[in-house]
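1. Sequence and predicted structure, then a few things I'm wondering about:
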Amino acid sequence: MRKLFSLLLVITLVYLVLFQQTASGQETKNKEKDYKNTIRFNLTNPIIFAGRSYIIGYERVINPRQTFSVNIGTTGFPSLGIINSDSIKLNTIRDNNGFNFSADYRFYLANENKYAAPRGVYVGPYYSYNYFDNQQSWSVKGSNGFTGNVESDLSLTIHSIGVELGYQFVFWKRLAVDMVLLGPGVAAYNLQASLGSNLSEEDKKKLYDKLNSALADKFPGYSTIIKEGDFQNTGTAKTTSLGFRYMIHVGFRF
C-alpha cells in the first residue's frame, strides 16, 4: 500500500510540474502576442509638402488604456511654383530642408473601445515643432536701376501645443492605421526672409509680396494666420494663433 501511495504521489507531483511548465509556456506565448510597440510612417506630410517630408513615428503601450508616441523626420517647403514677372524671376532653389518633431500622450477611451490600446478612439495632449528653410536665387530688375541676381533665405518655425482626437485601426494584429481627426491648439509662428542685395525698399516689398502669395497658395490656413501686410512690408512675421493638427499614419506592430 505504501508503495502504491508513493507511486501515486510521484505521479501527482510530476503532473503538477508538467502542468505548471505548460501554463507558463502558454502565458509566455500569450505575452508574445501582446504587441506593445508600433513603428509607423506619416502619409499626410508628403502629400502636403510634395514628397519632401519623411517622418517616422513610434508608439508604445504603457497600459491597456494609455500610450505615448514620438515622431521625427525631415521636411521642407512645398514647391512655391514658378514666380515669374517682368521685374522678378525665380532662377534656382539652392536649398530646401527642414525638421519635424512631435510627441503625444494618448488615452484610449474605455467606454468607447471594445479592445485595449492601441486600438480605437483616443484623446490626449500633443506638442509639435516644425522648421522650414528655403534658399533661392532670383533675377531682379529694380526700380533704382539695379539688374542682377538676388539671393533670398526664407525660414518658418512653428511651435504647437494642443489636444487631439483620433482613431486607430488594427488589422490582422500587425497592421495599424492611425488617424488624427481633430487637433485644435495654440501655435507660435515665426516667418523670416532675408535678401542679400542692395535692393530698394520698394523692390524688397515686391519680392516679399511674391513670396507671401506663393506661401498662401501652398500652406493650408496661411492667410488666416499671417495678417495681410505683416510679411510683405518687412519680410518678418511673428504671431501666436490657433493651430490645428491632422494626419494619417500607417504602421507595423511588434
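-> Alright, I've got the coordinates. Numbers count the residues shown, from 1 in each chain.

2. Report the contact partners of Arg94.
-> 135-137, 151 (Cβ atoms under 8 Å, 6 or more residues apart in numbering). Using the backbone N, CA and C atoms, a C-beta is placed for each residue, glycine as well.

3. Give me the buried entries from those.
-> Among the contacts of Arg94, those buried by neighbour count (16 or more other Cβ atoms under 10 Å) are 135-136.

4. Which of the contacts of Arg94 sits closest to Val170?
-> Gln135 (42.8 Å; Cβ to Cβ).

5. Give the pairing partners of the one helix or strand the closest one maps to; include direction for each.
-> Assessed by DSSP states H and E, Gln135 sits inside strand 120-141. If you go by DSSP bridges, strand 120-141 pairs up with strand 88-108 (antiparallel), strand 147-171 (antiparallel).

6. Just tell me which of the ones you listed ends up closest to Asn63.
-> Among the strands paired with strand 120-141, strand 88-108 sits nearest to Asn63 (Cβ to Cβ), with 9.7 Å.

7. Could I get the average pLDDT for the closest one?
-> On average, the pLDDT along strand 88-108 is 87.

8. buried ones in it?
-> Buried-residue list, strand 88-108, by 16+ other Cβ under 10 Å: 88, 90, 96, 98-100, 102, 104, 106, 108.

9. Next, format the contacts of Arg94 as JSON lines and append distance to Gln66 and pLDDT.
-> Conversion of these to JSON lines gives the following (distance: Cβ to Cβ, whole Å; pLDDT from 0 to 100):
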{"residue": "Gln135", "distance to Gln66": "43", "pLDDT": "86"}
{"residue": "Gln136", "distance to Gln66": "45", "pLDDT": "80"}
{"residue": "Ser137", "distance to Gln66": "50", "pLDDT": "80"}
{"residue": "Glu151", "distance to Gln66": "49", "pLDDT": "83"}
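
10. of all the contacts of Arg94, which comes closest to Ala176?
-> Of the contacts of Arg94, the one sitting nearest to Ala176 (Cβ to Cβ) turns out to be Gln135, at 37.5 Å.

11. Would you check that Phe252 makes contact with Tyr35?
-> No: using Cβ atoms under 8 Å, Phe252 is not in contact with Tyr35; the gap is 9.3 Å.

12. Need the overlap of contacts for the two.
-> Common contacts of Phe252 and Tyr35 (Cβ under 8 Å, 6+ apart): Arg174.

13. Could I have the CA atoms of stretch 139-159 written out in PDB?
-> Presented in PDB, the C-alpha positions along stretch 139-159 are these (Å, rounded to 0.1, in the frame of the first residue of the first chain):
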ATOM      1  CA  SER A 139      16.800  87.700 -61.300                       C
ATOM      2  CA  VAL A 140      15.600  91.100 -60.400                       C
ATOM      3  CA  LYS A 141      15.200  94.400 -62.400                       C
ATOM      4  CA  GLY A 142      14.900  97.000 -59.700                       C
ATOM      5  CA  SER A 143      13.300 100.400 -59.800                       C
ATOM      6  CA  ASN A 144      16.600 102.100 -58.900                       C
ATOM      7  CA  GLY A 145      18.300 100.700 -62.000                       C
ATOM      8  CA  PHE A 146      19.700  97.600 -60.300                       C
ATOM      9  CA  THR A 147      19.700  94.500 -62.500                       C
ATOM     10  CA  GLY A 148      21.200  91.200 -61.300                       C
ATOM     11  CA  ASN A 149      20.800  88.200 -59.200                       C
ATOM     12  CA  VAL A 150      19.400  88.300 -55.600                       C
ATOM     13  CA  GLU A 151      19.800  85.600 -53.000                       C
ATOM     14  CA  SER A 152      17.000  85.000 -50.500                       C
ATOM     15  CA  ASP A 153      16.700  82.900 -47.400                       C
ATOM     16  CA  LEU A 154      13.200  82.100 -46.200                       C
ATOM     17  CA  SER A 155      12.600  80.300 -42.900                       C
ATOM     18  CA  LEU A 156       9.500  79.400 -40.900                       C
ATOM     19  CA  THR A 157       9.400  78.000 -37.400                       C
ATOM     20  CA  ILE A 158       6.200  76.700 -35.800                       C
ATOM     21  CA  HIS A 159       5.700  75.500 -32.200                       C
END
